[in-house]
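Colleague: below are the sequence and a predicted model; questions follow.
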Amino acid sequence: MRLGVLVSGRGSNLEAILRAIATGRLACDAALVVSNRPAVAALEIARTHGAPTLLLDHHQYPRREQFDTALVGALRAAGVELVALAGFDRLVTSVLLDAFPERIYNVHPALLPAFKGLHAQRQALDYGARVTGATVHLVDEHMDHGPIVLQGAVAIAHDDTEETLTARILAVEHAIFPAALQLCAEGRVRVVGRRVVVGGVLPPLPPPMLWLP
Ligand code: GRF
């Protein structure tokens with residue numbers, strides 16, 4: 001499948017995706033990497049891997065729908081069939097959703113529906129949760145809401161900081177995001193109401209580490 005990746009910053013999930021493609025774990029072509037912000041690390045990572053890049057500055061578009069129209073035009077021109085939001089910091093509209101129905105995947109650093117929105121790791125720490133994790137889900141019109149494809153759990157230790165917890169969650173994100181995209185590329189993701197039914201055997205995932213002190 002031809003994959004489009006939307007980024008806004010650091011790009012570690014983009015790198016995990018590009019590595020999975022390079023090592024044959026993800027049967028996709030990186031057709032286009034689009035950033036809405038200039039000079040971010042993600043753009044450099046894309047170039048290092050030889051993936052085509054595009055900067056589409058959202059400040060140039062007064063309305064979200066106008067930005068998404070430009071986005072859809074660029075993704076379609078690159079022949080994109082599947083879209084990954086890899087640390088993309090814009091809310092998307094029906095313009096993008098309608099162009100790629102059930103083909104837009106997002107990764108979130110918590111076990112949804114817990115800790116939606118920004119700073120999910122800090123939210124989990126502040127709440128005193130013992131377990132959190134990462135979620136890959138289909139994108140719908142609500143933030144961090146669409147049907148869940150894969151999740152991975154991470155235990156929280158008493159001395160975790162936002163930094164240490166973020167690092168352990170990221171390791172899970174880097175495993176489950178390419179794995180979820182691969183399920184889609186293999187045509188194994190079927191959406192039944194709110195639930196995703198995955199055909200066949202699920203890929204091996206990192207085991208959850210539970211009950212840290
Ligand atoms: C990740 O934690 C992802 O779950 C969230 O934004 C962060 C992006 O990190 N949506 P990166 O740019 O992929 O390193």
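Modeller: Noted; the coordinates are in hand. Residues are numbered from 1 along each chain as shown.
Colleague: relative to residue 160, how far out is residue 128?
Modeller: Residue 128 sits 11 Å away from residue 160, going by CB to CB, to the nearest Å. Every residue, glycine included, has its C-beta placed from N, CA and C.
Colleague: contacts only, for the residue in the chain that the ligand sits nearest to.
Modeller: Closest contact between the chain and the ligand, by CB to the nearest ligand atom, is at residue 87 (2.6 Å). Contacts for residue 87 (CB atoms under 8 Å, 6 or more residues apart in numbering) come out as 7-14, 42, 107.
Colleague: show the buried residues in these.
Modeller: Listed as buried from those are 7-9, 11-14, 42, 107; burial here means 16 or more other CB atoms under 10 Å.
Colleague: show me where the chain has its strands.
Modeller: 2-7, 29-35, 53-55, 82-85, 104-108, 131-138, 148-155, 189-192, 195-198 (DSSP state E).
Colleague: in a markdown table: those strands, plus distance to the ligand and mean pLDDT.
Modeller: What follows is these, written out as a markdown table (distance: least, CB to the nearest ligand atom, whole Å; pLDDT from 0 to 100):
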| stretch | distance to the ligand | mean pLDDT |
| --- | --- | --- |
| strand 2-7 | 6 | 98 |
| strand 29-35 | 10 | 98 |
| strand 53-55 | 15 | 98 |
| strand 82-85 | 7 | 98 |
| strand 104-108 | 4 | 98 |
| strand 131-138 | 6 | 97 |
| strand 148-155 | 12 | 94 |
| strand 189-192 | 19 | 96 |
| strand 195-198 | 18 | 95 |
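Colleague: need those in a markdown table (columns: distance to residue 72).
Modeller: Formatted as a markdown table, the strands of the chain follow (distance: least, CB to CB, whole Å):
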| stretch | distance to residue 72 |
| --- | --- |
| strand 2-7 | 10 |
| strand 29-35 | 11 |
| strand 53-55 | 13 |
| strand 82-85 | 10 |
| strand 104-108 | 11 |
| strand 131-138 | 17 |
| strand 148-155 | 22 |
| strand 189-192 | 21 |
| strand 195-198 | 24 |
